[in-house]
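Peer 1: Here is my input; please provide its structure:
(one chain, ligands or ions: 1)
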Amino acid sequence: MLEVQNLNFRYKKHNILENISFSAKAGEHVSIIGESGSGKSTLLKLLYGTYDLNQGQVFWNGEEILGPKFNLITGPNFMKYVAQEFDLMPVISVSENIGAFLSNFYPEEKRERIKELLEVVELTAFARTKVKELSGGQKQRVALARAIAKQPEIILLDEPFSHIDNFKKQSLRRSLFKYLKEKNITCIVATHDKDDVLSYSDRMIVLHDTKITANNTPKHLYNSPKDKLIASFFGEFNVIDDRIIYANQLKVVKKSDVMAVVKQSYYKGHYFLIEAELNAEKVFFEHFEILHIGQKVNLSIEKNCL
Ligand SMILES: Nc1ncnc2c1ncn2[C@@H]1O[C@H](COP(=O)(O)OP(=O)(O)OP(=O)(O)O)[C@@H](O)[C@H]1O
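Peer 2: Numbers count the residues shown, from 1 in each chain. Model prediction:
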């Protein structure tokens, strides 16, 4: 179990994180979200022992994770951290990078393990390719495979799919997160992407203004976003009578007391996002077909919680 107790950290005089406390059980998947610059990457680095804390403590199964003042080598061996800049060896192959920290005493097992890892990150076809010849997304996949090669107890992922294209992202996400759950590896992910969170995270921690402002299940935070920051993470929304109403909760109906004028329709694949004007304010709603500029529509709020 990871336990973070009253962590405080500043870069020089600039407070980045204050009074951060949370825990994560074995096998739990926790997402850290927040605006750019809110301290997500810094928090992961602190969990890994990259810097000394100004205050507070971090424990894994009761063992304290200490910073460079107390450790020559950053990062305990039960923990792996995949940074946004992946630190690979460019002139050796994908397989050699993935196997770099695996024991050479059992060559057959090592080969099998590398094969399994190449499958998890869908890089089997690139096994012999030199890392310097890979794209950014392919390098990121090598870094992920290398991090899980020795089966850590806990893995820290900083925007793990940021360089990976949409074609691959969905299947890679399913494959990696399923693998971590099966192996009971605790996973802490800093992300901007709701698709990393909604289907996979047990908990979601929101960082804002140096503090944790929410720590709950994604389902709870989606259904009851307590502020605009949380709602905006999940999608387009409106504030109507001081309530947050997602665009997909506002419906066009035959009759209602609320009339809006369509300003724009945005094609989204299986629906259109409609921007309209209601009492001189912008509103957004989803509709199954295009609506034309100037068209008047009646709207109604429909709570469609799962
Ligand atoms: N090495 C550093 N020295 C000084 N300030 C830093 C350093 N690294 C980050 N910061 C500052 O700390 C704050 C938090 O940065 P951090 O990278 O943790 O945010 P983030 O939430 O991960 O952002 P993003 O989503 O853009 O990756 C920012 O204001 C940043 O400028």
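
Peer 1: what are the ranges of the helices in this structure?
Peer 2: 40-48, 94-98, 107-120, 136-149, 166-182, 194-197, 218-223, 228-234 (DSSP state H).

Peer 1: from the stretch 201-306 of the chain, which residue is nearest to the ligand?
Peer 2: Residue nearest to the ligand within the stretch 201-306 of the chain (Cβ to the nearest ligand atom): Leu207, separated by 6.9 Å. Backbone N, C-alpha and C define where each C-beta goes, glycine included.

Peer 1: Nearest spatial neighbour of that residue, chain-adjacent residues omitted?
Peer 2: Spatially, and ignoring its direct neighbours in sequence, Leu207 is nearest to Gly34 (3.5 Å; Cβ to Cβ, 6 or more residues apart in numbering).

Peer 1: my read: the one you found touches Val206, true?
Peer 2: Yes - contact criterion Cβ atoms under 8 Å: Gly34 and Val206 qualify, at 6.1 Å.

Peer 1: How about the residues of the stretch 1-150 of the chain by the ligand?
Peer 2: Residues of the stretch 1-150 of the chain lying near the ligand by Cβ under 6 Å from any ligand atom: Tyr11, Ile16, Gly34, Ser36, Gly37, Ser38, Gly39, Lys40, Ser41, Thr42.

Peer 1: any low-confidence regions in the stretch 101-250 of the chain?
Peer 2: Applying pLDDT under 70 to the stretch 101-250 of the chain flags no residue at all.

Peer 1: what's the neighbour count on the residue lying closest to Gln5 once chain neighbours are set aside?
Peer 2: Excluding its sequence neighbours, the residue lying closest to Gln5 (Cβ to Cβ, 6+ apart) is Gln57, at 4.9 Å. By the measure other Cβ atoms under 10 Å, the count of residues near Gln57 is 14.

Peer 1: Likewise for Asn71?
Peer 2: Per other Cβ under 10 Å, the neighbour tally for Asn71 reads 13.

Peer 1: next one: the one 5 residues further on
Peer 2: A count of neighbours around Pro76, defined by other Cβ under 10 Å, yields 18.

Peer 1: Just give the nearest non-adjacent residue to it, would you?
Peer 2: Of all residues not flanking Pro76 in the chain, Ile65 sits nearest, at 6.0 Å (Cβ to Cβ, 6+ apart).

Peer 1: which residues touch that neighbour?
Peer 2: Leu47, Tyr48, Gly49, Val58, Phe59, Pro76, Met79 (Cβ atoms under 8 Å, 6 or more residues apart in numbering).

Peer 1: Just the buried ones from these?
Peer 2: Leu47, Tyr48, Gly49, Val58, Pro76, Met79 (16 or more other Cβ atoms under 10 Å).

Peer 1: Could you list everything the closest residue to the last one other than its chain neighbours pairs with in the sheet?
Peer 2: Going back to what we said before, that points to Met79. Of all residues not flanking Met79 in the chain, Ile154 sits nearest, at 4.9 Å (Cβ to Cβ, 6+ apart). In this structure, Ile154 bridges to Met79, Thr186 when assessed by DSSP bridges.

Peer 1: Let me know the average pLDDT across stretch 31-51.
Peer 2: What stretch 31-51 shows for mean pLDDT is 96.

Peer 1: could we number from 264 for the rest of this?
Peer 2: That works, and once the first residue is 264, the last one we named lands at stretch 294-314.

Peer 1: before we move on, the earlier item: mind checking how far the residue nearest to Pro339 is from the ligand?
Peer 2: The gap separating Ile328 from the ligand is 18 Å, by Cβ to the nearest ligand atom, to the nearest Å.

Peer 1: Report pLDDT for that residue.
Peer 2: 95.

Peer 1: do Leu569 as well
Peer 2: Predicted confidence (pLDDT) for Leu569: 58.

Peer 1: tell me the contacts of Ile564?
Peer 2: Ile503, Ile508, Gln512, Leu513, Lys514.

Peer 1: Measure how buried the second one is and give me the count.
Peer 2: Okay, so that is Ile508. 20.

Peer 1: Just list whatever residues bridge to it.
Peer 2: Going by DSSP bridges, Ile508 forms beta bridges with Asn501.

Peer 1: all strands for the stretch 464-569 of the chain, in order.
Peer 2: Remark: strands assigned in the stretch 464-569 of the chain by DSSP state E, counting those that start in this stretch are 466-471, 474-479, 500-503, 506-509, 513-516, 521-530, 535-541, 544-550, 559-564.
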